[in-house]
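A.B. asks: with the input below, show me the fold.
(chains A and B)
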2 protein chains.
Amino acid sequence: MSSALNGLFPYPIVQAPMAGGASCPPLAAAVSQAGGLGFLAGGYKTADGMYQEIKQLRGLTRRPFGVNLFLPQYGQPDPAAVEAYRGQLAGEATWYETSLAAEDTVGNTDDGWDAKLAILIEDPVPVVSFTFGCPPAAALTCLRKGGTRTLVTVTSVAEALTAQDAGADALCVQGIEAGGHQGTHRDDPQADGTGVGLLALVAQVREAVALPIVAAGGLMRGSQIAAVLAAGAEAAQLGTAFLACPESGAHPLHKKALTDPLFVRTELTRAFSGRPARGLVNRFMREHGPYAPAAYPQVHHLTSGLRRAAAAAGDPQGMALWAGQGHRLARSLPAGELVEVLAAEVAEAQCVLQAVQRRNES
Amino acid sequence: MSSALNGLFPYPIVQAPMAGGASCPPLAAAVSQAGGLGFLAGGYKTADGMYQEIKQLRGLTRRPFGVNLFLPQYGQPDPAAVEAYRGQLAGEATWYETSLAAEDTVGNTDDGWDAKLAILIEDPVPVVSFTFGCPPAAALTCLRKGGTRTLVTVTSVAEALTAQDAGADALCVQGIEAGGHQGTHRDDPQADGTGVGLLALVAQVREAVALPIVAAGGLMRGSQIAAVLAAGAEAAQLGTAFLACPESGAHPLHKKALTDPLFVRTELTRAFSGRPARGLVNRFMREHGPYAPAAYPQVHHLTSGLRRAAAAAGDPQGMALWAGQGHRLARSLPAGELVEVLAAEVAEAQCVLQAVQRRNES
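C.D. replies: Got it, this is the predicted structure:
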């Protein structure tokens, strides 16, 4: 098989990059060392902060790893909508004894794209993935010249075709089950409620596009990884599954919440960032989700102080508890051990499928 | 393997019952004859109408088949909400030159449950499945005594536990991708947006409950059937895939719409029936979905004349175009041929998975 992802990692297991501190170098290193593909989150960091993490990770493993970048957001959301949301959140700021970010810090919309891309072209890493859009073909070409494989996150067939046209090496196909942000290229409130489940999406993308697929969304067990492989993916990307690992940089309250029976379901919300992202349903999401504007990343910057204050106060009801739909199956194993357990489960699931097939043939 | 579903059908392929005429005896017969499990829809029919179809099907095949029943709905929706919706639909009635159902015909909420159950106990069929709730344990016991295997549709772990407690033989685990009605036991508008994708749900139900699983939702290809088998299901249930077959009783405009590029996405809506059901997004859904009340089956009866009139007028924009998220992959093959193609695709997907595994081991 001559796939763009071939030979990079022995197990078909990719750790999803989670911005906000969870995907730290020790987690990525543990995953890559065990035979998966570890990932750093470039988003929400300075370019230099990202580069420091890359250097740290290189000190921890010589195995391939990836870095994720957020595409710059060029649309201008209605400033009045952001200000109205600021007004709605005033009571939260009082409650958590903090203040909302000033208007001028709310304006950073490119996430340091140019500087981060320049670093990754100058000093190439094995894999770069992209979220919230498709980079220009020229950027993908520059990365490929340095030996980097590129992976564009898509949530629809149309986005997959765009990524193929731009020259991506592979796709991260993200189903509606995924925790954290949906990587949809353009945030369109008219499309709310039309997101597609992973297995339905993988089949459609596979038939429309020739690129290798990494499937993401709600995957917690090796049996589910085997499932997406059977459906035509070449690997599976798991975020929430690695969130609970001791190496993950997620807040302890966040890790605990994943399997806390108090949190019974997840929902997509714009409450924390202005873009649909899946998290455990908590007070903040219930109160502010229904009227949060489609204003990313303005709302992200607006609420970041609140979320920090809630975490400092030990209150998960005010934090962004990103989680995929499989969160109740999280295991707090060391990441390397989790990779091995998952790989064993994939092999086991394959035997199950063989047994079914034999039964049908007999 | 001593599964309750063992030996009933050689291929792990179940045709989903679709109420409203699509799952007619010729379709069910073709599926069962080819080695899948054909299904009749008992819902929205008189008990006698259901029985006539069973007799017709028995004349067409001697292979096992199933009959689906809707659970009676005991909750009383706010009559004022139904009347308000009637007011909103007045313009539709004028447009399609028809009239809305009178208030008294809107009140039938038990779908002839007692009479239908009595027939199925008196003259047993191989499989009976249930939608919109879990039948009382006594009903399941009576059916089992007659040699019938029972299958309860569930959309969450909690519902799966309820079905197990009641004594169901197996579960139909329905993901959010599924076309037509979600089989959720209690329609709770507070839970809108929290439905779970199939692969995430199968893994969770499988670990919580010991019953065999038939997986449903967005499945159109054998590769996806292999996927749910790898994830632990014993069979897959396909509705939309069989909707397009020549034997299906779906309206020709409905069949055509499934692959018409005009219809680009599906959504869950209460617009047609008062309960969340997935269909192709059309004018009726866009206009009335946002304020349709949670009032099933009152809204179903209220809109049935409108939908018939729209179909008679040749206007798919006023019809309920039920479709799962995989609708664009529909193939209009004869149903028996489709079963064979799907079974061959399952075998092929198993080889794909084996190849991946060998690559990882090498």
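
A.B. asks: A:T259 touches A:H327, doesn't it?
C.D. replies: Yes - contact criterion Cβ atoms under 8 Å: A:T259 and A:H327 qualify, at 7.2 Å. For every residue, glycine as well, the C-beta is placed using N, CA and C.

A.B. asks: just the helices from chain A, written as ranges.
C.D. replies: With DSSP state H as the criterion, chain A has helices at A:25-34, A:47-60, A:79-88, A:90-95, A:113-122, A:137-145, A:157-166, A:198-208, A:222-230, A:240-243, A:252-258, A:283-288, A:298-312, A:335-361.

A.B. asks: can I get the ones you listed in CSV with mean pLDDT and mean neighbour count?
C.D. replies: Formatted as CSV, the helices of chain A follow (pLDDT from 0 to 100; neighbours: other Cβ atoms under 10 Å in any protein chain shown):
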stretch, mean pLDDT, mean neighbour count
helix A:25-34, 98, 24
helix A:47-60, 97, 16
helix A:79-88, 94, 15
helix A:90-95, 95, 14
helix A:113-122, 97, 17
helix A:137-145, 97, 16
helix A:157-166, 98, 18
helix A:198-208, 98, 26
helix A:222-230, 97, 30
helix A:240-243, 98, 30
helix A:252-258, 98, 19
helix A:283-288, 97, 19
helix A:298-312, 95, 22
helix A:335-361, 89, 18
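
A.B. asks: nearest to B:P297, of these?
C.D. replies: When these are compared by Cβ to Cβ, helix A:198-208 sits nearest B:P297, at 27.5 Å.

A.B. asks: out of A:T259 and A:H327, which sits in the more crowded spot?
C.D. replies: The neighbour count for A:T259 versus A:H327, taken as other Cβ atoms under 10 Å in any protein chain shown, is higher for A:H327 (28 against 15).

A.B. asks: the helices of chain A: which one's closest to B:P212?
C.D. replies: For the helices of chain A, the distance to B:P212 is smallest for helix A:335-361, at 11.6 Å, taking Cβ to Cβ.

A.B. asks: can you tell if that closest one touches chain B?
C.D. replies: Yes - under the criterion of Cβ under 8 Å from any Cβ of the partner chain, chain B is reached by helix A:335-361 at A:343, A:346-347, A:349-350, A:352-357, A:359-360.

A.B. asks: now those in a markdown table, with distance to A:L27?
C.D. replies: As requested, the residues of helix A:335-361 next to chain B are exported to a markdown table (distance: Cβ to Cβ, whole Å):
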| residue | distance to A:L27 |
| --- | --- |
| A:A343 | 17 |
| A:V346 | 21 |
| A:A347 | 24 |
| A:A349 | 25 |
| A:Q350 | 27 |
| A:V352 | 30 |
| A:L353 | 31 |
| A:Q354 | 34 |
| A:A355 | 35 |
| A:V356 | 35 |
| A:Q357 | 37 |
| A:R359 | 41 |
| A:N360 | 41 |
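
A.B. asks: about what we covered before: so which of the helices of chain A comes closest to B:L100?
C.D. replies: Across these, closest to B:L100 is helix A:198-208 (Cβ to Cβ), at 34.7 Å.

A.B. asks: quick one, the closest one and helix A:222-230 angle?
C.D. replies: 20 degrees (axes from the mean of the first three to the mean of the last three Cα atoms, to 10 degrees).

A.B. asks: show me how far helix A:198-208 is from its chain's centre.
C.D. replies: Taking Cα atoms, centre = their mean, to the nearest Å, the mean C-alpha location of helix A:198-208 is offset from the chain mean by 19 Å.
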